[in-house]
Each structure stands twice: as C-alpha cells, then as structure tokens.
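>>> sharing a model prediction with you, sequence too.
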Amino acid sequence: MNKPFTGKVALVTGGSRGLGAATVKMLAEQGADVAFTYHSSSELAETVVEEVHSKGGKAVAFRSDQADTGRAAALVGEVVAEFGGLDILVNNAAISVEQGRTVDDPDADTAAQDRMHATNYLGVIALIRAASKVMRDNGRIVSISSGLGTLVGLPGLADYSASKSGIERYTAGAARDLGPRGITANVVQAGLMESPTMKPPPEVLEALVSSLSLKRIADPDEIAAAIVFLASPAASYITGAKLDANGGYNA
C-alpha cells in the first residue's frame, strides 16, 4: 500500500469528530504520525486514537482550546516533544454560532460571536505563527475555510464569513513568507457536510443546499481527501491556492 506520509508528523486541530477525525484517520492510514486537538470530548478523542492504532497507525490527542491563543506555542512544543518534529499543520478546528442573526439584531450574543472569531481566526493565526517556527523545510499548512469565506450569500452570516475570509488571506500571506523554505500554505473551502456540532437552522440549511451545484451534503471523507492531497508530495508546487471542495457553491 502506498504510504506517502511515512516519516512525516502532522498536527490536525479539532480532530475528534467530523472532518477533523476523517483527516486524522486518512493521514495515519497513509503513514503519518498524527497529533490532533480536541476541546471537550475526551471520549471521542480516545475513540479516534484507538481506531488509528487498530490499523497500525500512530495518533496522540491533545486537549486544547483554540480560542486561547496563548496556548498555541505550548501545544506545538508538546507535539514536537512527542514526535520529534512537525511537517504538516491542518487548521481545521472552528465553531459556528448565532447563524441567522443579522448585524443589527439587538438580541445577538456578541460574546459568543467574539469567541467564534478568537477560535476561527485568531487561534489559527497563533498556530501558524508557532508551527512555522519549528516546521521542517518542505512542510505543509492547510487551512480549512468555507464557501462563505468568498460569498456570504445569505443574511445572518457576516461574522462566520468574516472569520473564514480572514484565515484565507492569512494563509495566502504565509505562503509568501514561507515559500523560501519550501513550505506550502493552502486553503480548502469545505462544503456542507454531515456534522454533529455545526448545524445551521433548517431554513438556512435548505437555502445553502439549494445553492449548490451538486444539491447534496458531503461525506467528511470527500473533503478530507482534498486536505490530504494538499498535504502530500503530489502538491509540492501548489501554494497560496484555494481548493474548493464545496459542491459547487461558488460555481
């Protein structure tokens, strides 16, 4: 079996469920040693670890709150201490709150929105900064965005859309900064997928699905495949790019 990630160390944020878990498993199946973060569910994290181990791979879970930007350097240090280095960073962890609330809604929970920005945007910046200092040459950074990072499309999505647009621009800037070391930095615009945690209101979900060319929600493995491609040796000359894996939301 081809294992292009043999000898590589990956860090996947938000790896205990959904897209993150699918990415952890796919990287491990292809030879990577994988560290991943989780926020609250140690049981789900341990299930992912056990599944990877049962297939002969290696994975270690680290509890971390991405909204705590001061934790980023320590987290990266723990990963390097555990595995001896770092080659791949997948910025997957994100939250979605207050979807459907317009910017002038007097009942909007601005504290929750601020935490979303800290998690989705500031936390990603902190990890890219920390990881880039220790990442080996010819490494990979993949940040997970959304079609909403390019096209808001509906009312009530301003804050979430802004958080995703921000990491797209920051990742593009990292591609410029880190290119001399052979480190690539790219974005995957992930589409709607089966998720136990990020469920928009039914009317929003219906409108979003109707806007897609494929008219269906993705399986997380379909989007994980795009992430793993950009992390692979096959994508060595792709950087500063945005790969849409969103069912044709922007078509």
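Happy to help now that I have it. Nothing here was measured: the structure is a model prediction, and the numbers come from that model.
>>> all contacts plus neighbour counts: C-alpha atoms, from now on.
Will do.
>>> any idea of the pLDDT on residue 1?
Here, the pLDDT recorded for residue 1 equals 59.
>>> what does residue 81 give?
pLDDT, residue 81: 98.
>>> is it in a helix, a strand, or coil?
Using DSSP: H, G, I helix; E, B strand; the rest coil, the structure places residue 81 in helix.
>>> could you measure from the most centrally placed residue in the chain over to residue 212?
In the chain, the residue lying closest to the centroid (Cα atoms, centre = their mean) is residue 92, at 1.5 Å. With distances taken as Cα to Cα, to the nearest Å, residue 92 is found 22 Å from residue 212.
>>> equivalent analysis for residue 66, please.
Residue 66 sits 30 Å away from residue 212, going by Cα to Cα.
>>> for the stretch 51-200 of the chain, which segments are assigned as strands?
Remark: strands assigned in the stretch 51-200 of the chain by DSSP state E, counting those that start in this stretch are 58-63, 88-91, 140-146, 184-190.
>>> low-confidence stretches in the stretch 1-150 of the chain?
Applying pLDDT under 70 to the stretch 1-150 of the chain flags residues 1.
>>> which residues sit in contact with residue 41?
Going by Cα atoms under 8 Å, 6 or more residues apart in numbering, residue 41 touches residue 16.
>>> recalculate using a threshold of 10 Å.
By Cα atoms under 10 Å, 6 or more residues apart in numbering, the residues touching residue 41 are 16, 17, 63.
>>> quick check, pLDDT for residue 200.
With respect to pLDDT, residue 200 has a value of 66.
>>> picking that back up, pretty sure the residue nearest to the centre of the chain sits against residue 15.
Yes: contact criterion Cα atoms under 10 Å: residue 92 and residue 15 qualify, at 7.7 Å.
>>> between the two, what contacts are shared?
Jointly contacting residue 92 and residue 15 under the rule Cα under 10 Å, 6+ apart are 21, 23, 36, 37.
>>> I'd say the last one and residue 45 touch.
Yes: using Cα under 10 Å, residue 37 is in contact with residue 45, at 8.2 Å.
>>> brilliant, that's me finished.
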